[in-house]
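Q: Sequence first, then the predicted structure, then my questions.
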Amino acid sequence: MRGHRDLRLILAVTLVCAVGSLITPLGAVRVIFAVPLALVLPGYAITAAVFGSRLPAWPERIPLTLGISLASAALASLVLNYLPGGIQGFPWTLLLVLIVLLASGSAARRRGPRRDRQQPPSLPSLKPRPVTVVLGIGAVAMVVVALILAQATPENGQASGFTQLWIAPPKPTDASTRIGITSEQQQTRAYRLVVKVEGEAKPEVETFELGPGQTHLVKIDSGGIGPPAGVVAKLYLRSDPSRVYRRVSTRLR
């Protein structure tokens, strides 16, 4: 990359930010290194690779840099999510550094040698070129798609889901005991909840279904309970009704 000062600077800053984000123990200081690495450097390198020696003006280059960097970070995270190691600091940083390195090398080849000795171009018009508009729209679309995919719960036949059962005692302003069931399974599951309050003849039984990420909330009115009373909640899978799947208990005052 001899003669391309901006590309050399981008590579140097990328290496500094990568090392700083990995070895810095303080979270606030780590953000100083991670933000440029995620939001600026990949976008600038890819923009330089796409346009070569005909870089757009700064009013066009800034949103392109930000949009492409966001898309690169989102898609890199999406790729790492499906790899065995998952989304972790080191592979995420390494992938962004690799993107900057490959894009900068491509930009240097497209520009040709010793670009720094050329005369600086005159200030271009602020009107964006059609290719810039297309790339900007594409970057925004990539970010939107990546965010949608990141929010979706993927189905994986080899992944083991789980279900959370919890119980919370009454608040000072509410005499109801709350029992919650949150499903993090990979598909919709059917459940049966049995809640037994000490001193009551019959337990409360509910059957319901939960999809991935959904929560079912049950309230037990404990306002009329005098002495301390035990509450036991047992959760069963309807596919295995004889075995207790989850169990929580507490005492109400």
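A: Received the coordinates, thanks. Numbering: from 1, shown residues only.
Q: Name the nearest residue to residue 211, sequence neighbours excluded.
A: Leaving out its chain neighbours, the residue that sits closest to residue 211 by Cβ to Cβ, 6 or more residues apart in numbering is residue 188, at 4.7 Å. Any C-beta I mention is one placed from the backbone N, CA and C, and that applies to glycine too.
Q: residue boundaries of the helices in the protein?
A: Assigned helices in the chain, in chain order: 5-23, 27-39, 41-51, 58-81, 89-111, 130-151 (criterion: DSSP state H).
Q: tell me the most buried of those?
A: Among the helices of the chain, helix 41-51 has the highest mean neighbour count (mean count of other Cβ atoms under 10 Å), at a mean of 24.
Q: And the helices of the chain, which one averages the lowest pLDDT?
A: Comparing mean pLDDT across those, the weakest is helix 130-151, with a mean of 65.
Q: Please identify which of the helices of the chain is closest to residue 241.
A: helix 130-151 (33.6 Å; Cβ to Cβ).
Q: what residue of the chain is the furthest out?
A: Distance from the C-alpha centroid of the chain, by Cα atoms, centre = their mean, peaks at residue 201 (47.4 Å).
Q: Distance of residue 105 relative to residue 37?
A: 18 Å (Cβ to Cβ, to the nearest Å).
Q: re the thing from before, can I get the helices of the chain in a markdown table including distance to residue 209?
A: Below are the helices of the chain laid out as a markdown table (distance: least, Cβ to Cβ, whole Å):
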| stretch | distance to residue 209 |
| --- | --- |
| helix 5-23 | 43 |
| helix 27-39 | 39 |
| helix 41-51 | 43 |
| helix 58-81 | 27 |
| helix 89-111 | 36 |
| helix 130-151 | 22 |
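Q: of all these, which lies closest to residue 177?
A: Across the helices of the chain (criterion: Cβ to Cβ), the nearest stretch is helix 130-151, sitting at 32.1 Å.
Q: how about the nearest residue to residue 215, chain neighbours excluded?
A: residue 182 (4.5 Å).
Q: Can you name every helix or strand that the longest strand seen in the chain contacts?
A: If you go by DSSP state E, the chain has its longest strand at strand 240-252. Strand 240-252 sits against strand 163-168, strand 176-183, strand 189-197, strand 229-237, with contacts defined as 3 or more Cβ pairs under 8 Å, 6 or more residues apart in numbering; DSSP states H and E.
Q: Tell me which of those strands lies nearest to residue 64.
A: strand 176-183 (41.0 Å).
Q: Mind listing the strands the closest one pairs with, and their directions?
A: strand 163-168 (antiparallel), strand 215-221 (antiparallel) (DSSP bridges).
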